[in-house]
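Colleague: Quick one, structure for this:
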Amino acid sequence: QLQLVESGGGSVQPGGSLRLSCKASGSTLDYLVIGWFRQAPGKEREGVSCISSAGGRTNYADSVKGRFTISRDNAKNTVYLQMNSLKPEDTGIYYCAADYAGYVCYGPNADYWGQGTQVTVSS
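Modeller: Residues are numbered from 1 along each chain as shown. All right, here's what the predicted structure looks like:
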């Protein structure tokens, strides 16, 4: 059974950077489309970015374009989310999710979810 574990969250000041990791165990990520989602207190979970199984295609929410970069290293069974120029509105719990059909690129529809990692952007 595939398990996803996020790490790399923390507290940063506006303008700072963080790199989140989503590490898979129990199975390979090779054939899975991976998405990053976030959820702020009192708000619905929203899609941030997704990446195709081979890494050749990526999508980003308009709110993070130009600031966030998604990448993957299938040899390490890990997907990353590099977050630069962070803003207070980026605060939330960040989740990675995976599915075979690519539905994670269109909404919070996934076969597998991680437990989340907290990101707080505040001065």
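Colleague: Next up, phi/psi of residue 89, please.
Modeller: Here is the backbone geometry of residue 89 (degrees, to the nearest 10): phi -70, psi 0.
Colleague: Repeat that for residue 75.
Modeller: phi -60, psi -30.
Colleague: if I look at it, how far off is residue 91?
Modeller: 32 Å (CB to CB, to the nearest Å). Where C-beta positions appear, they are placed from N, C-alpha and C, glycine not excepted.
Colleague: go on, residue 8?
Modeller: Residue 8 is 15 Å from residue 91, by CB to CB.
Colleague: Comparing residue 75 and residue 91, which shows the higher neighbour count?
Modeller: Counted by other CB atoms under 10 Å, residue 75 and residue 91 do not tie: residue 91 has more neighbours, with 18 against 7.
Colleague: which ones are touching that one?
Modeller: By CB atoms under 8 Å, 6 or more residues apart in numbering, the residues touching residue 91 are 40, 119-122.
Colleague: Pull out the buried positions in stretch 105-123.
Modeller: 105, 108, 110, 112-114, 116-117, 119, 121 (16 or more other CB atoms under 10 Å).
Colleague: can you give me the strands in the protein?
Modeller: Assigned by DSSP state E, the strands in the chain fall at 3-7, 10-12, 18-25, 33-39, 46-51, 58-60, 68-73, 78-83, 92-99, 112-113, 117-121.
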